[in-house]
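S.K.: attaching a predicted model along with its sequence, questions to come.
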Amino acid sequence: MENLTHDIRVRKPKWLRRRLPAGPAYEGVCRMIASKNLHTVCQEAKCPNVWECFAKHTATFMILGDRCTRNCKFCGVKHGPIGLPDPEEPVRVASGVKELGLKYVTITSVTRDDLEDGGAKLFVSTINEIRKVSPGTRVEVLIPDFQENKEALWKVATARPDVLNHNIETVPRLYVKARPQADYKRSLLVLFLARKIDDRIVTKSGLMLGLGESEEELLQTMKDLLKAGCRILTLGQYLQPSKDQLPVERFVEPEEFEKWRKIGLEMGFAEVASGPFVRSSYNAGEIFESLMEEKYI
């Protein structure tokens, strides 16, 4: 299938158009983030949900700076040159969590292949600082693959985040195009080993649709994730962050997303969040709490 265009200004279908909320709540979150010198994946990756989430006083904090050692072709986060991590960043993140009164927070990061432990120590510090100042807050971590560093993964897993998320992102055939510095089997291994370290850990992963994957490839990837121990799956529409990233191959209709949600639940996932605007951390707290109430996790 031919791609739609390399132009980011391609006209989106009606189900991908939405009014952008603003106002005091949104602006207040922006000011807080700037005042504490924090980064959010909402802003850095140009997430389409940023206005909605900030208006609801939620945010996904991104640690280890704002520049990535990798250059994935779907991602809008900046890359290189990179300085040393700020050891005070976990304290500022925890302060932001407390100020927003978050009951659930997702902590992600840029990928730092230049660090011996991939930044695992800072993930642990961030989890600990949040629990120190806001002990009732649930913490989800969305981690890189740590280049298969099992000790780094062990550090993060044994800090007992409520959810450990690592995105598979796309089907294996498209890795060379979309994630040339990543490895499909290595990403599956992250999820598998996390459950081996502590089988109480709730593992989570996500895929972007619309990059050129086939139905057969998507189904096999979902099977691979389930076999690796993934409990929660997110499926969302890929949107080109800028003209420098991969173009959208296809806009997936909402009805098709619902079809994949039903397939995933029938396969055995505890929950599947599937829709055009779904992202890894979108409504993550609501998903987790609903599964807790239903005793699925």
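M.R.: Perfect, thanks for sending it. Since we're looking at a predicted model, the values are computed, not measured.
S.K.: from here on, just use CA atoms for contacts and neighbour counts.
M.R.: Fine.
S.K.: K204 contacts A228, correct?
M.R.: No - K204 is not in contact with A228 according to CA atoms under 8 Å; the separation is 10.4 Å.
S.K.: quickly find the element holding Y175.
M.R.: Element membership of Y175 [criterion: DSSP states H and E] is helix 175-178.
S.K.: after that helix comes which helix or strand?
M.R.: helix 184-197.
S.K.: what's the angle from the strand ranked longest in the chain to helix 184-197?
M.R.: In the chain, taking DSSP state E as the definition, the longest strand is strand 202-209. Between strand 202-209 and helix 184-197, the angle comes out at 160 degrees (axes from the mean of the first three to the mean of the last three CA atoms, to 10 degrees).
S.K.: could I get the full set of helices for the stretch 51-200 of the chain?
M.R.: Here the stretch 51-200 of the chain has its helices, by DSSP state H, counting those that start in this stretch, at 89-100, 120-133, 150-157, 175-178, 184-197.
S.K.: want to throw these into CSV with mean pLDDT?
M.R.: Formatted as CSV, the helices of the stretch 51-200 of the chain follow (pLDDT from 0 to 100):
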stretch, mean pLDDT
helix 89-100, 93
helix 120-133, 98
helix 150-157, 98
helix 175-178, 96
helix 184-197, 97
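S.K.: what residues of the helix holding Y175 count as buried?
M.R.: Y175, A178 (16 or more other CA atoms under 10 Å).
S.K.: residues in contact with it: which ones?
M.R.: Contacts with helix 175-178, where a contact means CA atoms under 8 Å, 6 or more residues apart in numbering, come from C72, K73, F74, T170, A182, D183, Y184, L246.
S.K.: quick one: average confidence on the longest strand of the chain?
M.R.: In this model, strand 202-209 carries a mean pLDDT of 97.
S.K.: so after that strand, what's the next helix or strand?
M.R.: Next element after strand 202-209 (DSSP H and E): helix 215-227.
S.K.: how distant is that following helix from the center of its chain?
M.R.: In terms of CA atoms, centre = their mean, to the nearest Å, the gap separating the centre of helix 215-227 from the centre of its chain is 19 Å.
S.K.: dump it to CSV, keeping only the CA atoms.
M.R.: These are the backbone C-alpha positions of helix 215-227, laid out as CSV (Å, rounded to 0.1, in the frame of the first residue of the first chain):
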residue,chain,number,x,y,z
GLU,A,215,-3.6,-8.3,10.2
GLU,A,216,-1.6,-11.6,10.4
GLU,A,217,1.5,-9.8,11.7
LEU,A,218,-0.5,-7.9,14.3
LEU,A,219,-2.2,-11.0,15.5
GLN,A,220,1.1,-12.9,15.8
THR,A,221,2.6,-9.9,17.7
MET,A,222,-0.3,-10.0,20.2
LYS,A,223,0.2,-13.7,20.7
ASP,A,224,4.0,-13.1,21.3
LEU,A,225,3.1,-10.5,23.9
LEU,A,226,0.7,-12.8,25.7
LYS,A,227,3.3,-15.6,25.7
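S.K.: by contact count, what packs against the next helix or strand after it?
M.R.: Going down the chain from helix 215-227, the next helix or strand is strand 232-237, by DSSP H and E. Secondary-structure packing of strand 232-237 (3 or more CA pairs under 8 Å, 6 or more residues apart in numbering; DSSP states H and E): strand 202-209, helix 254-267, strand 271-274.
S.K.: for V93, give me its contacts.
M.R.: The contact partners of V93, by CA under 8 Å, 6+ apart, come to L38, F61, T126, I130.
S.K.: between K204 and A228, who's got more neighbours?
M.R.: Neighbour comparison, K204 and A228: the larger count goes to K204, with 28 against 19 (by other CA atoms under 10 Å).
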